[in-house]
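Enquirer: With the sequence up front, the predicted model follows.
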2 protein chains.
Amino acid sequence: MHIHLQNPIDDPLFHFDRAMWDTAAARVGEMADHVTIGTGPAAFAAAMQAADALVCDAGIVKAWFPCPAPRLKLIFLTNAGLDRLAPFDWLPQGVALMNNRGAHAAKSGQFGIMAVLMLANRVPEMMAHQRAGRWQKLWGAVVGGRRLTIVGLGTLGGAVAEHANRFGMHVTGIRTTATPHPHCDRVLAIDAIDTVLPETDFLVLACPLTERTRGLMDRGRLGRLPHGAGLVNIGRGGLVDQDAICDLLDNGHLSGAVLDVFSPEPIPAGHRLWTTPNLVISPHTSADDPATYNPQSLEIFLENLRAYRAGQPLPNRFDTARGY
Amino acid sequence: MHIHLQNPIDDPLFHFDRAMWDTAAARVGEMADHVTIGTGPAAFAAAMQAADALVCDAGIVKAWFPCPAPRLKLIFLTNAGLDRLAPFDWLPQGVALMNNRGAHAAKSGQFGIMAVLMLANRVPEMMAHQRAGRWQKLWGAVVGGRRLTIVGLGTLGGAVAEHANRFGMHVTGIRTTATPHPHCDRVLAIDAIDTVLPETDFLVLACPLTERTRGLMDRGRLGRLPHGAGLVNIGRGGLVDQDAICDLLDNGHLSGAVLDVFSPEPIPAGHRLWTTPNLVISPHTSADDPATYNPQSLEIFLENLRAYRAGQPLPNRFDTARGY
């Protein structure tokens, strides 16, 4: 079996190397007959003539698919959210698509709970005083007992819930169905979101962007959050009405926000987001640690490869109709 | 027994009230015959004529001691670090002094681990880019496996160690003697600090300021931290050479710092700290949550009162010779 690892087009920090593959293969105990690693369009086109499986990021697909790939059976993408690849008509018939669901747990979970702690400690306001050279005491609060609502209980939301639970927060999870979650005090179905928002001190958005979730947190829903609530978005910019967030930060209804995702990205120069008060802007980097990202992605791919060879369902199979 | 609670001179957020006392007394199951609550110098002077015990903050002592207090046997201060009350010659002979060691665990622990997560996620650099309106990706790291050194394993340091341990960090504690600590991978005596600093990714200072710790992190020791290390100070400003910290942030040897304590406080207008890069300034607010602070302090005082009545050692007795 020929596995081809294609490096990102413009992100040298996230390149693959042979040692990384060997380490991951040894850990998982799964090998391939033939592994190639390529950079750039010529290497990609050549590899696609012969490869059975492709490991790459969404940027490669966006740039070079559809393309001739006569033997291809598996595509493993090192991204979790694939909303920017929809519609999926570029996917060759009979090829199984996987995302790397699971790779972001550690980094996203830590970023998410850090963001909640920053809001509880009023760090956004503190930094505004610092910029002004003003010594002004601001008293934050402990998070124990405060009400955290997490929309989406996949890898990201589940990891945030686990941390929040350890800090003694009261955690409400919201997802498609009200199936219980080990780290949530309660889980409600998405239809109940309007009743939960007024009882929320901190709202964390951690769900994929699909046709069902686009614009989920519109102006009306954001306004249902109580005065002084804090907002974290590690899902996708398209989940929210950004302009409404800016208004609610401007008028103090929201006490602060930590946003990692935006619409569009990059945020254009001069956009009001850059100067909205009590907002922390993270440039879509919450989920990734270059030191651990590719090694983890390769391990997840190799677990899927093992399942494929055993004729079992692929754990990371991406459902193009559902959108995650 | 007459207990007098004296409110702070200029901090209305931290006033006592009768309901707060009643709740704490009911929780601890310990009462007093007579409880008064006062604000201002006249109420203080009158109460000191009759009170057996005084509960107040260090500001009251600083302003109005020594004073006539013929029946006084106990002073409980709602501060943990009492360095600004040294020397302790203002303390009437035969009066037992207590600090509120323990009250800061939840808030300080959360602030401390938040600070470490902010440094690991490169939040200080991120916010500089945000101020400049620049979308520039910066990749942070997961904290699991990273090396955290905590100087001081009292209430503050112990709480940070507990969180860090849960995040999978490698935690080294430093204190007077190398007694093991349940949340540290290892504990070393203070004499070994020079060998530990080069193996430190994040240094958290959480010890009291005493004659032994003043200037502990001088320029030489700060320079022993590896390139790219991060620094958190929730102890006292006098533990460090502030000017050296600014230099090491300016030249990039330190990747970032989150400082809650300074020397002097407030930081003077125009001081270089205000404009030093990759520095987060918290105005000595890391330890306190107004909603929980006084209730917790009163519970701790009441536990000590119970011990006093039973003729047992006071758990929060402050050792004026040792300085903590």
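Expert: Perfect, thanks for sending it.

Enquirer: check contacts around whichever residue of the stretch 201-324 of chain A sits closest to chain B.
Expert: Proximity of the stretch 201-324 of chain A to chain B (Cβ to the nearest Cβ) peaks at residue A:266, 3.5 Å away. Glycine gets a C-beta too; all of them are placed from N, C-alpha and C. Applying Cβ atoms under 8 Å, 6 or more residues apart in numbering or on different chains to residue A:266 gives the contacts A:283, B:135.

Enquirer: show me where chain A has strands.
Expert: For chain A, the strands defined by DSSP state E cover A:2-6, A:34-38, A:53-56, A:74-77, A:96-98, A:147-151, A:170-175, A:186-189, A:202-205, A:229-233, A:254-259, A:279-281.

Enquirer: tell me the mean pLDDT for the fifth one?
Expert: On average, the pLDDT along strand A:96-98 is 97.

Enquirer: neighbouring contacts of that strand?
Expert: Under Cβ under 8 Å, 6+ apart, the answer for strand A:96-98 is A:73-77, A:82, A:88, A:91, A:301, A:304, A:308, A:314, A:316-318, A:320.

Enquirer: restrict the residues you listed to contacts with chain B.
Expert: Among the contacts of strand A:96-98, no residue is within reach of chain B (Cβ under 8 Å from any Cβ of the partner chain).

Enquirer: How confident was the prediction at the nearest residue to residue A:68 once chain neighbours are set aside?
Expert: Distances taken as Cβ to Cβ, 6 or more residues apart in numbering or on different chains put residue A:48 closest to residue A:68, at 6.5 Å, once the chain neighbours are dropped. You'll see residue A:48 listed with a pLDDT of 97.

Enquirer: Same question for residue A:291.
Expert: Residue A:291 carries a pLDDT value of 88.

Enquirer: Please report how far it lies from residue A:9.
Expert: Using Cβ to Cβ, to the nearest Å, we find residue A:291 at a distance of 21 Å from residue A:9.

Enquirer: So for those two, which residue has more residues nearby?
Expert: Using other Cβ atoms under 10 Å in any protein chain shown as the criterion, residue A:291 and residue A:9 rank with residue A:9 on top: 16 against 12.

Enquirer: ok now do the spatially closest residue to the more buried one that is not a sequence neighbour, which residues does it touch?
Expert: Excluding its sequence neighbours, the residue lying closest to residue A:9 (Cβ to Cβ, 6+ apart) is residue A:59, at 5.2 Å. Applying Cβ under 8 Å, 6+ apart to residue A:59 gives the contacts A:8-11.

Enquirer: Now do the contacts for residue A:46.
Expert: residue A:38 are the contacts of residue A:46 under Cβ under 8 Å, 6+ apart.

Enquirer: ok, back up a step: which one of the contacts of residue A:59 has the most neighbours?
Expert: residue A:8 (18 neighbours).

Enquirer: That residue contacts residue A:57, correct?
Expert: Yes. Shown here, residue A:8 and residue A:57 form a contact pair, counting by Cβ atoms under 8 Å, at 5.0 Å.

Enquirer: Touching, residue A:186 and residue A:172? I think so.
Expert: Yes. If you go by Cβ under 8 Å, residue A:186 and residue A:172 touch, sitting 5.5 Å apart.

Enquirer: how long is stretch A:313-321 end to end?
Expert: Start and end residues of stretch A:313-321 are separated by 17 Å (Cα to Cα, to the nearest Å).

Enquirer: got a list of contacts for that stretch?
Expert: The contact list for stretch A:313-321 (Cβ under 8 Å, 6+ apart) reads A:76-77, A:82, A:86, A:88, A:91, A:96-102, A:300-301, A:303-304, A:307-308, A:324.

Enquirer: Buried residues, it. List them.
Expert: Buried residues in stretch A:313-321, counted by 16 or more other Cβ atoms under 10 Å in any protein chain shown: A:314, A:316, A:318.

Enquirer: Give the phi and psi angles for the last one, as a check.
Expert: Pointing back at residue A:318 there. phi -90, psi 130 (degrees, to the nearest 10).

Enquirer: and residue A:263, what does it touch?
Expert: A:236-238, A:242.

Enquirer: One more pass at 7 Å, please.
Expert: A:237-238, A:242 (Cβ atoms under 7 Å, 6 or more residues apart in numbering or on different chains).

Enquirer: Count the neighbours of residue A:43 for me.
Expert: 15.

Enquirer: With just CA atoms, put the lengthiest helix in chain A into PDB.
Expert: If you go by DSSP state H, chain A has its longest helix at helix A:290-309. Provided in PDB are the C-alpha atoms of helix A:290-309 (Å, rounded to 0.1, in the frame of the first residue of the first chain):
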ATOM      1  CA  PRO A 290       3.300  22.400  15.900                       C
ATOM      2  CA  ALA A 291       5.300  20.100  18.200                       C
ATOM      3  CA  THR A 292       2.500  17.600  18.700                       C
ATOM      4  CA  TYR A 293       0.100  18.200  15.800                       C
ATOM      5  CA  ASN A 294       1.400  16.100  12.900                       C
ATOM      6  CA  PRO A 295       2.700  13.300  15.100                       C
ATOM      7  CA  GLN A 296      -0.800  13.000  16.600                       C
ATOM      8  CA  SER A 297      -2.500  13.300  13.200                       C
ATOM      9  CA  LEU A 298      -0.400  10.500  11.900                       C
ATOM     10  CA  GLU A 299      -1.200   8.200  14.800                       C
ATOM     11  CA  ILE A 300      -4.900   8.900  14.200                       C
ATOM     12  CA  PHE A 301      -4.500   8.100  10.500                       C
ATOM     13  CA  LEU A 302      -2.600   4.900  11.300                       C
ATOM     14  CA  GLU A 303      -5.400   3.800  13.600                       C
ATOM     15  CA  ASN A 304      -7.800   4.300  10.700                       C
ATOM     16  CA  LEU A 305      -5.500   2.500   8.300                       C
ATOM     17  CA  ARG A 306      -5.600  -0.500  10.600                       C
ATOM     18  CA  ALA A 307      -9.400  -0.500  10.700                       C
ATOM     19  CA  TYR A 308      -9.400  -0.200   6.900                       C
ATOM     20  CA  ARG A 309      -7.200  -3.200   6.500                       C
END
